[in-house]
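J.: The following block contains a protein sequence and its predicted model.
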Amino acid sequence: MVSEELDIANKNLPAEQGPVQYVNELTTLNLGPTHPATHGIFQNILQMDGEKIVSGEQTIGYIHRAFEKIAERRPFYQITTLTDRMNYCSSPINNMGWHMTVEKLLGVEVPKRAQYIRVIMMELARLADHLICNGILGVDTGAFTGFLYIYQERENIYEIYEEVCGARLTTNMGRIGGMERDLSPTAIRKIKELLVRFPKVLAEFENLFNRNRIFMDRVVNVGAISAERALSYGFTGPNLRAAGVDYDVRVMNPYSSYEDFEFDIPVGQSGDTYDRFMVRNEEMKQSLRIIQQAIDNLPEGSYFADAPQYYLPPKQEVYKNMEALIYHFKIVMGEIDAPVGEVYHAVEGGNGELGFYLISDGGRAPYRLHFRRPCFIYYQAYPEMCKGLTLSDAIVIMSSMNVIAGELDA
Amino acid sequence: MLTNEEVAQIIINQFGESVTDFDDPYNLLTCSTSRDQIIPLVKYLKEHPTLKIGFLTDITAIHYPDSVGKEFCVVYHLHSLQNNFRIRIKVYLATDDIHIPTMIPLYASANWMERETFDLFGILFDGHPDLRRILNMEEMDYHPMRKEYPLEDATREDKIDALFGR
């Protein structure tokens, strides 16, 4: 019982009975590690006073796979497969970010066509990531229908990945210097179909949620964080924009010719769960705009850079062309040496600024590679955001923050 | 828009000799300082009326076992969202004295970044309220990202680079 309640109770008692001494003991509640609502493996140890959360503590590291250590022994092109497994909802963004970091180190100029294809793939990944986040937020508030409406679209995005690179989840479609393959006519057709269909599905989803009384009761003014606190906690991406700061890496430090496209940065006001939901919905519309522009203005030309010592040649070439065979051998055996240098390159991941800090000592593998994972940095604000709220609020806050366990632990 | 030269000049005017090694690899201003000056420097950058470098992007460390006296390098990446300007600050530490003051009073996000750096490199952040391991388990008695712990089994002979002509 809180102290004011105790005082009121004591005032109403007859004097001879004496003051009430009863104080609630706090309950320790383990939310996770394997709880469906944690969307991965991490533990939240909550101290509960009845239904209220008094304090919380997170334990992470359950799927820590030591990517940074593994990367110290891998040639540059092999690290792509590690980045795939960080934010597995939007692995193309991680891939492309990593390739751009290496290209920056090597000084490789990527042709416009490859840059545009990368933009298309990254925006498709952002769509898939936001779809999952918002769909699951619906599920966590008890509305499974919305999730069913939009999940088909994620499937369609995965089919586009499949068409482009053959894989669905852990895509490995980029190469140092460009793309592995060009966009096939089928892929372009599928992307165009998605552009027609997606807005309708999204509109349906929004009709279901945006002004839904039950949904709004669960999310408005829940888990609000001010812009100042969000900046202090290192928030980036949709979570920061929901708090009212229009910071977007795509606009501030454009990469892969993002400066060619017109799009807006949706910004929220209060930084609560509802704003995070709405910012992600708006961002999906902006992503569609970017994809539309990129596919309309897709430049002609090569889809990989003229850098044979770094770009893994297409397999067909390897069978026919001696030069390609030599370079293929040299790259696969890790014979290419990178120049000495240190690079920090950031891309706008699904959850915010995904940074790659790469130090090369001139060898075939990085001397040190550090991933700036947005999830890892902002998840520490979670106890502060759900303090004083109920357990059901804690679930929707976690869901709307879009904490991906793979990225949290790396 | 700030240029690297302008910011470097402002820092030199304020801190003089205690900030050194100015460089701009790939156009990102980099400088080194001592552990006594790191907190005043970051505080100054945060509170400066025009620089406004008020966003802590990242803290990490690097191990250089061969450079005697400065085996560990703690790297801070800072960002000014208003001016869109990034800066990297390095602090070199020796193995037998790996203490550095914590950044938590300035940035709440430093908490986990410092815990991760402690976990992986064993760097001790003085004044950190909760300096525990974060990614690895508590019982571990070493810091795995240091170079003396190789990734692969050193006793295996089929993995020696020399056999592959490297």
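T.: Yes, it's here. Residues are numbered from 1 along each chain as shown, chains lettered A, B, ... in the order given.
J.: Wasn't residue A:342 part of a strand?
T.: Yes - using DSSP: H, G, I helix; E, B strand; the rest coil, the secondary structure at residue A:342 is a strand.
J.: For beta bridges, what are the partners of it?
T.: Taking DSSP bridges, one finds residue A:359 as the beta-bridge partners of residue A:342.
J.: Correct me if wrong: it contacts residue B:25.
T.: Yes - using C-beta atoms under 8 Å, residue A:342 makes contact with residue B:25 at a distance of 5.4 Å. All C-beta atoms are positioned from the backbone trio N, CA, C, and that covers glycine.
J.: Who has more neighbours out of the two?
T.: residue A:342 (22 against 15; other C-beta atoms under 10 Å in any protein chain shown).
J.: OK, contacts around residue B:87?
T.: Contacts for residue B:87 (C-beta atoms under 8 Å, 6 or more residues apart in numbering or on different chains) come out as B:7, B:28-31, B:45, B:53, B:77-80.
J.: and which of those is nearest residue A:201?
T.: residue B:79 (36.2 Å; C-beta to C-beta).
J.: now the contacts of residue B:87: which count as buried?
T.: With burial judged by 16 or more other C-beta atoms under 10 Å in any protein chain shown, the buried subset of the contacts of residue B:87 is B:7, B:28-31, B:45, B:53, B:77-80.
J.: Distance check, the residue nearest the centre of chain B against residue A:74.
T.: The residue lying closest to the centre of chain B (C-alpha atoms, centre = their mean) is residue B:75, at 1.8 Å. Going from residue B:75 to residue A:74 by C-beta to C-beta, to the nearest Å gives 21 Å.
J.: Test my guess that the residue nearest to the centre of chain B contacts residue B:89.
T.: Yes - between residue B:75 and residue B:89 there is a contact at 7.4 Å, judged by C-beta under 8 Å.
J.: ok, how many other residues are close to the residue lying closest to residue B:40 once chain neighbours are set aside?
T.: In this structure, residue B:40 finds its nearest non-sequential neighbour in residue B:15, 7.8 Å apart by C-beta to C-beta, 6 or more residues apart in numbering or on different chains. Residues near residue B:15, counting by other C-beta under 10 Å, number 16.
J.: What confidence value was assigned to residue B:15?
T.: Listed pLDDT for residue B:15 reads 91.
J.: what's near enough to touch the residue lying closest to residue A:298 once chain neighbours are set aside?
T.: The shortest distance from residue A:298 to any non-neighbouring residue, by C-beta to C-beta, 6+ apart, is to residue A:116 (5.4 Å). The contact partners of residue A:116, by C-beta under 8 Å, 6+ apart, come to A:257, A:294, A:297-299.
J.: again, but for residue A:141
T.: If you count contacts by C-beta under 8 Å, 6+ apart, then residue A:141 has A:214-215, A:218-219, A:396 around it.
J.: pretty sure residue A:223 contacts residue A:397?
T.: Yes - proximity of residue A:223 to residue A:397 meets the contact threshold set by C-beta under 8 Å, at 3.6 Å.
J.: Return every residue with contacts to both of the two.
T.: Residues touching both residue A:223 and residue A:397 (C-beta under 8 Å, 6+ apart): A:273, A:385-386, A:389.
J.: measure residue A:210 to residue A:203 for me?
T.: From residue A:210 across to residue A:203, the span is 10 Å (C-beta to C-beta).
J.: cool, and residue A:302?
T.: Per C-beta to C-beta, residue A:302 is found 38 Å from residue A:203.
J.: Return the residues in contact with the closest residue to residue A:353 other than its chain neighbours.
T.: Among residues not flanking residue A:353 along the chain, residue A:236 sits closest, at 4.1 Å (C-beta to C-beta, 6+ apart). Applying C-beta under 8 Å, 6+ apart to residue A:236 gives the contacts A:247, A:249, A:351-353, A:374, A:377-378.
J.: Also residue B:110?
T.: Residues in contact with residue B:110 (C-beta under 8 Å, 6+ apart) are B:56, B:59, B:102-104.
J.: tell me the mean pLDDT for stretch B:45-65?
T.: The average pLDDT within stretch B:45-65 is 93.
J.: Pull out the buried residues from that stretch.
T.: So, applying 16+ other C-beta under 10 Å, buried residues of stretch B:45-65: B:45-46, B:48, B:51-64.
J.: same deal with stretch A:360-369?
T.: Of all the residues in stretch A:360-369, those buried under the rule 16+ other C-beta under 10 Å are A:360, A:364-369.
J.: Alright, that wraps it up for me.
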